[in-house]
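*Asks:* model the structure of this input:
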Amino acid sequence: MERLRDPQSGCPWDVAQDFSSIAPYTIEEAYEVADAIERGDFDELRDELGDLLFQVVFYARMGEEQGHFDFASIASGITDKMIRRHPHVFGTAGERAAGKVDGSWEEIKEREREAHADDSALAGVARALPALKRAEKLGKRAGRVGFDWPDRQGVRDKIHEELDELELAVGSRQQADIDEEFGDLLFAVVNLARHLDVDAENALAQANRKFERRFRDMECEINAEGGFRGLSLETMERYWRAAKGRVG
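*Replies:* Numbering: from 1, shown residues only. The predicted model follows:
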């Protein structure tokens, strides 16, 4: 990486990069790791993990060039953090004997957050997270200080309230208002998922895959009989119901 970043003899593309320009590639590589795991392709997983590791090396080199950190300090930092957060494994004899205590992980993380300038209950929830995952984390953090519905019925009522507000916004035909109310509705739905112990991001990913499987099956049937042109919605619905019966 040092040679790739050398201003005289390195690769012009690598030399031109900075932290901001590399960040989107890091997110992409993380998704490719997750995709290889989902498909059970371990040869590809090995390669994708290498790509992801390369991202860390890239950041480490840029950090070293600017005097912020290097690869060794990154590795040392995560080692210290894991030791600190697992006293039941690495702690004193008494801590190890006590075993893992429910909630201790979050308590330790809370103390770590208190050591930083931002002392908000929402501190550290990364802005670059996928929106569904970030909504879940924001709701969970707020709930930790008591700002939450006592049960899922309260969330259901909120969803109905947001649906009504969305309908009013649609009636106004103001796109900015529609966007805002639709976002509020999604946020409420994510909070319902949290109260049901459902991972909203994963649930939507599964729904996407299910829809794709069923649509492709329906598409094959329709194309075998001449294609979509001229088909009524009622006819397509019949094919769709048949596909649901064949495909899980």
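
*Asks:* how about the helices of the chain, start to end?
*Replies:* For the chain, applying DSSP state H gives helices covering 12-16, 19-39, 42-65, 71-85, 87-90, 93-98, 104-114, 131-144, 152-172, 175-195, 200-224, 233-246.

*Asks:* between those helices, which has the poorest mean confidence score?
*Replies:* Between the helices of the chain, the one with the least mean pLDDT is helix 104-114; it has a mean of 69.

*Asks:* ok so, going back, out of the helices of the chain, the one nearest residue 121 is which?
*Replies:* helix 131-144 (5.1 Å; C-beta to C-beta). Every residue, glycine included, has its C-beta placed from N, CA and C.

*Asks:* send over that closest one as CSV, restricted to the C-alpha atoms.
*Replies:* C-alpha atoms of helix 131-144 as CSV (Å, rounded to 0.1, in the frame of the first residue of the first chain):
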residue,chain,number,x,y,z
ALA,A,131,-31.7,3.8,7.0
LEU,A,132,-33.7,0.9,8.4
LYS,A,133,-30.8,-0.3,10.6
ARG,A,134,-30.2,3.3,11.8
ALA,A,135,-33.8,3.8,12.6
GLU,A,136,-33.8,0.6,14.7
LYS,A,137,-30.7,1.7,16.6
LEU,A,138,-32.0,5.2,17.2
GLY,A,139,-35.3,3.8,18.6
LYS,A,140,-33.4,1.4,20.8
ARG,A,141,-31.1,4.1,22.2
ALA,A,142,-34.1,6.4,22.9
GLY,A,143,-35.9,3.5,24.6
ARG,A,144,-32.9,2.9,26.9
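
*Asks:* could you dump the helices of the chain to TSV with mean neighbour count and distance to residue 124?
*Replies:* Shown next, in TSV, are these (neighbours: other C-beta atoms under 10 Å; distance: least, C-beta to C-beta, whole Å):
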stretch	mean neighbour count	distance to residue 124
helix 12-16	11	30
helix 19-39	13	17
helix 42-65	15	19
helix 71-85	12	13
helix 87-90	14	21
helix 93-98	11	25
helix 104-114	13	6
helix 131-144	17	9
helix 152-172	14	24
helix 175-195	17	18
helix 200-224	14	18
helix 233-246	13	42
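
*Asks:* tabulate those (CSV), appending distance to residue 125.
*Replies:* Below are the helices of the chain laid out as CSV (distance: least, C-beta to C-beta, whole Å):
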stretch, distance to residue 125
helix 12-16, 31
helix 19-39, 16
helix 42-65, 21
helix 71-85, 18
helix 87-90, 25
helix 93-98, 28
helix 104-114, 10
helix 131-144, 5
helix 152-172, 19
helix 175-195, 13
helix 200-224, 14
helix 233-246, 37
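
*Asks:* can you tell me what sits against stretch 133-152?
*Replies:* For stretch 133-152, the surrounding residues in contact (C-beta atoms under 8 Å, 6 or more residues apart in numbering) are 106, 121-122, 125-127, 129, 155, 158, 186-187, 190-196, 199-201.

*Asks:* switch to 7 Å and redo it
*Replies:* With contacts defined as C-beta atoms under 7 Å, 6 or more residues apart in numbering, stretch 133-152 is touched by 121-122, 125, 129, 155, 187, 190-196, 200-201.

*Asks:* stretch 165-177 too?
*Replies:* Here stretch 165-177 makes contact (C-beta under 7 Å, 6+ apart) with 178, 181-182, 184-185.

*Asks:* can you check stretch 19-26 too?
*Replies:* Outside stretch 19-26, the residues within contact range by C-beta under 7 Å, 6+ apart are 55, 58-59, 62.

*Asks:* and which of these is nearest residue 244?
*Replies:* Ranked by distance to residue 244 (C-beta to C-beta), those are led by residue 55 at 40.5 Å.

*Asks:* double-check that closest one against residue 29; I have them as touching.
*Replies:* Yes. Counting by C-beta atoms under 7 Å, residue 29 is a contact partner of residue 55 at 5.7 Å.

*Asks:* report how many residues lie close to the closest residue to residue 14 other than its chain neighbours.
*Replies:* Spatially, and ignoring its direct neighbours in sequence, residue 14 is nearest to residue 4 (4.2 Å; C-beta to C-beta, 6 or more residues apart in numbering). Look at residue 4: counted by other C-beta atoms under 10 Å, it has 15 neighbours.
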